[in-house]
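Undergrad: using only what follows, build the 3D model:
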Amino acid sequence: MTLESTEWFSRNGIECSRVKACYSGFPRHLHDEYVISANLTGIEEIWLAGKTTYVKSGQVTLYNPGTIQASRFDSQCVEFVSVHLPQAMVKKLVNKENLRDDREAPALHEGVINNPRLFNVLCRYANSARQDNGICQEQELMLLCGELLEKDVSVKGKDEQRIEWVIEYLREHSNVKPQLESLAQIAGLSKYHFVRLFTRHTGMPPLQYHMQLRLHQARNLLRRKVHPLDAAIALGFYDQSHFINAFRKVMGTTPHYYFSQVGSGGDKFPIT
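TA: Here you go, the predicted model:
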């Protein structure tokens, strides 16, 4: 019998956990917050509202505050990440953004949810919280709440123009770490609506979009024989490991290797 919590931590009042389990389970219980979990591996058996259901990897489970539920895990190891959203936080966001007619914390659709976008934003939020990246964590929280609280967002003509203003700003300030509050002000939107509209319009959250712009500029500097260290400093990467990891993730190689191959003048690393 194995039930192991490999991580359990809190960021800004929001608890996150990562659990591995087999030949074990959780008896019937309830929480006083919203509990949203992403099943990473294995199959979890859950009991909810008198019915037994199975949760596969890639699916999400959601329980409202006060809901009684139980889980069981067999021989196949199950691993999942969970985020516990306080009622007060969700209620505050709903009221601030006028997302509901009433003023109470909403009852969300609960049980097993097959929604790849929700699965991805849940995992991204948990990862940003694990790294204690405050700005990125705030962005991912906005995206997570958007998936939970609203249907698909549509980007109309006026909204497209607002997002284009921000993109132009990001292009002109690629060496400056952006703040969501400032970007939202440029767009004339709340942070919540700005992050959702930007992501839907471009296919990428604003902070990740800005990172792509920085890496494109880094590549251009390396092509012009600028040393990787100087390129990193010019673009505001004061943490060399961060620059190297970000560049490798996109290019598949390190800045130093790219610089050496481009600078060699040979055909080993052609650029079109």
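
Undergrad: measure R200 to K177 for me?
TA: Here the criterion is CB to CB, to the nearest Å. By it, R200 lies 23 Å from K177. C-beta coordinates here come from the backbone N, C-alpha and C atoms, glycine included.

Undergrad: go on, C123?
TA: Taking CB to CB as the measure, C123 falls 24 Å from K177.

Undergrad: these two: which is more packed in?
TA: For C123 and K177, the more surrounded residue by other CB atoms under 10 Å is C123, and the numbers stand at 17 against 13.

Undergrad: just give me how far the helix or strand encompassing that one sits from the chain centre.
TA: Under the criterion of DSSP states H and E, C123 resides in helix 116-130. Put simply, helix 116-130 sits 4 Å off its chain's centre (CA atoms, centre = their mean, to the nearest Å).

Undergrad: what do you get for stretch 75-88?
TA: A distance of 15 Å separates the centroid of the chain from that of stretch 75-88, by CA atoms, centre = their mean.

Undergrad: what mean pLDDT does that stretch get?
TA: Averaging pLDDT along stretch 75-88 yields 94.

Undergrad: return the set of buried residues in that stretch.
TA: Applying a neighbour-count criterion of 16 or more other CB atoms under 10 Å, the buried positions in stretch 75-88 are 78-87.

Undergrad: just send those residues back as a markdown table, with distance to Q208 too.
TA: Listed next are these as a markdown table, based on distance: CB to CB, whole Å:
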| residue | distance to Q208 |
| --- | --- |
| V78 | 29 |
| E79 | 25 |
| F80 | 24 |
| V81 | 20 |
| S82 | 24 |
| V83 | 20 |
| H84 | 25 |
| L85 | 22 |
| P86 | 26 |
| Q87 | 30 |
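
Undergrad: go through stretch 159-171 and flag the buried ones.
TA: Neighbour counts over stretch 159-171 (16+ other CB under 10 Å) mark 159, 162-163, 166-167, 169-170 as buried.
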